[in-house]
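Trainee: Okay, structure incoming, though there's no sequence with it:
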């Protein structure tokens, strides 16, 4: 089967940096995605990694190591509005649906 | 950017009735769309893959006769929950691919009384 693991909950303070880890064991690999989901809303796309290394996009960065089956999402200069669930998802084959981890609920306090 | 819409955003129905949810890609064509279901405080679970012009493929444990999928055009897929029961109450989300990114619709919250 496919397995994607991420911590259930994390807390951090405004202005800090937080790293959300994701490990995966899947039958194939064609890309790893990070989404942000606020309560009651649909997920919004944050980042996509298919090659090893770091992808930076503003305050958000995502890292991938295919050999280790590992990714992380790095959020800098945290703001209260960053409080949300962060979903790690893997695409096993090109053109197929994303398989999601259970999500990490991040709470940012002042 | 690419936009995926869903209608309705929220529906309340009586047990035993059928509910149709529409998913549209607004500025791109999608030969494939995906339907997910999300129960409270859980992640998105893939229900089925909707293919334009052919039958949908369902994930294990999802009843194809209960969750009818029609992908009649390159911009529209519909999910019909037939004879809905309270346990079908959930957040239903569709997704379609535009280039590299997979875009999600805003979701439909179904409550079956």
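Mentor: That came in fine, so what should we check first? Every value quoted in this text rests on a predicted model; they were computed, and no experiment measured them. Residues are numbered from 1 along each chain as shown, chains lettered A, B, ... in the order given.
Trainee: near chain B, which residues of chain A?
Mentor: Within chain A, the positions near chain B by C-beta under 8 Å from any C-beta of the partner chain are A:31, A:33, A:35, A:40-45, A:48, A:87, A:91, A:95-103. In this view, the C-beta of every residue, glycine as well, is placed from N, C-alpha and C.
Trainee: Identify those among these that sit within strands.
Mentor: A:33, A:35, A:44, A:45, A:48, A:87, A:91, A:98, A:99, A:100 (DSSP state E).
Trainee: May I have the beta-bridge partners of the fifth one?
Mentor: For residue A:48, the residues forming beta bridges with it (DSSP bridges) are residue A:33.
Trainee: Only the buried subset of the residues of chain A next to chain B, as a PyMOL command please.
Mentor: Those of the residues of chain A next to chain B that count as buried under 16 or more other C-beta atoms under 10 Å in any protein chain shown are selected in PyMOL with:
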select buried, chain A and resi 31+33+35+42+43+45+48+87+91+97+98+99+100+101+102+103
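Trainee: which parts of the helix or strand bottoming out on mean pLDDT in chain B are buried?
Mentor: Ranked by mean pLDDT, DSSP states H and E, the weakest helix or strand in chain B is strand B:101-104, scoring a mean of 82. Using 16+ other C-beta under 10 Å as the test for burial, strand B:101-104 gives B:102, B:103, B:104.
Trainee: partners of the second one in the sheet?
Mentor: Assessed by DSSP bridges, residue B:103 has beta-bridge partners residue B:96.
Trainee: Likewise for residue A:63?
Mentor: Here residue A:63 sits in beta bridges with residue A:54, residue A:72, going by DSSP bridges.
Trainee: That one reaches residue A:88, doesn't it?
Mentor: No: here residue A:63 does not reach residue A:88: they are 11.8 Å apart, not a contact under C-beta atoms under 8 Å.
Trainee: what about residue A:85, neighbour count?
Mentor: 20 (other C-beta atoms under 10 Å in any protein chain shown).
Trainee: Given the helix or strand containing it, what are its sheet partners and their directions?
Mentor: In the assignment (DSSP states H and E), residue A:85 maps to strand A:84-91. Using DSSP bridges, strand A:84-91 pairs in its sheet with strand A:32-37 (antiparallel), strand A:98-100 (antiparallel), strand A:104-109 (antiparallel).
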